[in-house]
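>>> after the sequence you'll find the predicted model.
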Amino acid sequence: MTHHSLDDRGIEVIIGNLLRAGVLIAATVVVAGAVIYLSHYALQPANFRVFRGEAAALRSLPAIAKGTLHLDGKSIIQFGLLLLIATPVARVIFSVIGFADERDHLYVGLTLIVLAVLLYSLIGSGVA
């Protein structure tokens, strides 16, 4: 059985499509959440005199998922933003796979370090 590895151009095309699809999906989810949110709260006046941080329901993955399943507009917007953040992470993961397929051990190692830094920064920031 022969091993079919992707060439550099094939990997670039797949990564480009991955990034494009991730951004389009995230934007669609954010717009859908905005439509739902505005359909409920568009006529309420905004109060910018006092800063209020986001509710706890918008700061954890399980709470965002629960709100999204209940079609809460703010939760759906937050979910879309998480998809947008996940897009470059998916790109790095695919790059690791591509470099491994090419048997380029140096770049696999370097890309795994980049992935570790990305995941650490996301987990450390409280997003994940």
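Thanks, I have the structure now. Computed from a predicted model, the values in this text were never measured in an experiment.
>>> contacts, neighbours, all on C-alpha from now
Will do.
>>> and residue 117, how many residues sit next to it?
By other Cα atoms under 10 Å, the residues close to residue 117 number 12.
>>> in contact with it, which residues are there?
Counting by Cα atoms under 8 Å, 6 or more residues apart in numbering, residue 117 touches no other residue.
>>> which secondary structure element contains it?
Residue 117 is part of helix 105-125 when elements are defined by DSSP states H and E.
>>> ok, residue 39 - how many residues close by?
Neighbour tally, residue 39, other Cα under 10 Å: 11.
>>> if we can go back for a sec, would you pull up how far the helix holding residue 117 lies from the middle of the chain?
Here the centre of helix 105-125 is set off from its chain's centre by 16 Å, with Cα atoms, centre = their mean, to the nearest Å.
>>> what residues of that helix count as buried?
107-108, 111-112, 114-115 (16 or more other Cα atoms under 10 Å).
>>> with just CA atoms, put that helix into CSV.
Extracted as CSV, the C-alpha positions of helix 105-125 are listed here (Å, rounded to 0.1, in the frame of the first residue of the first chain):
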residue,chain,number,x,y,z
HIS,A,105,9.7,16.2,12.6
LEU,A,106,11.2,19.7,13.3
TYR,A,107,8.0,21.5,12.2
VAL,A,108,5.8,19.0,14.0
GLY,A,109,7.7,19.8,17.2
LEU,A,110,7.6,23.6,16.6
THR,A,111,3.9,23.5,15.7
LEU,A,112,3.1,21.4,18.8
ILE,A,113,4.8,24.1,20.9
VAL,A,114,2.7,26.8,19.2
LEU,A,115,-0.4,24.7,19.9
ALA,A,116,0.6,24.2,23.5
VAL,A,117,1.1,28.0,23.9
LEU,A,118,-2.3,28.7,22.3
LEU,A,119,-4.1,26.2,24.5
TYR,A,120,-2.4,27.4,27.6
SER,A,121,-3.3,31.0,26.8
LEU,A,122,-7.0,30.0,26.2
ILE,A,123,-7.2,27.9,29.4
GLY,A,124,-5.3,30.5,31.4
SER,A,125,-7.7,33.2,30.3
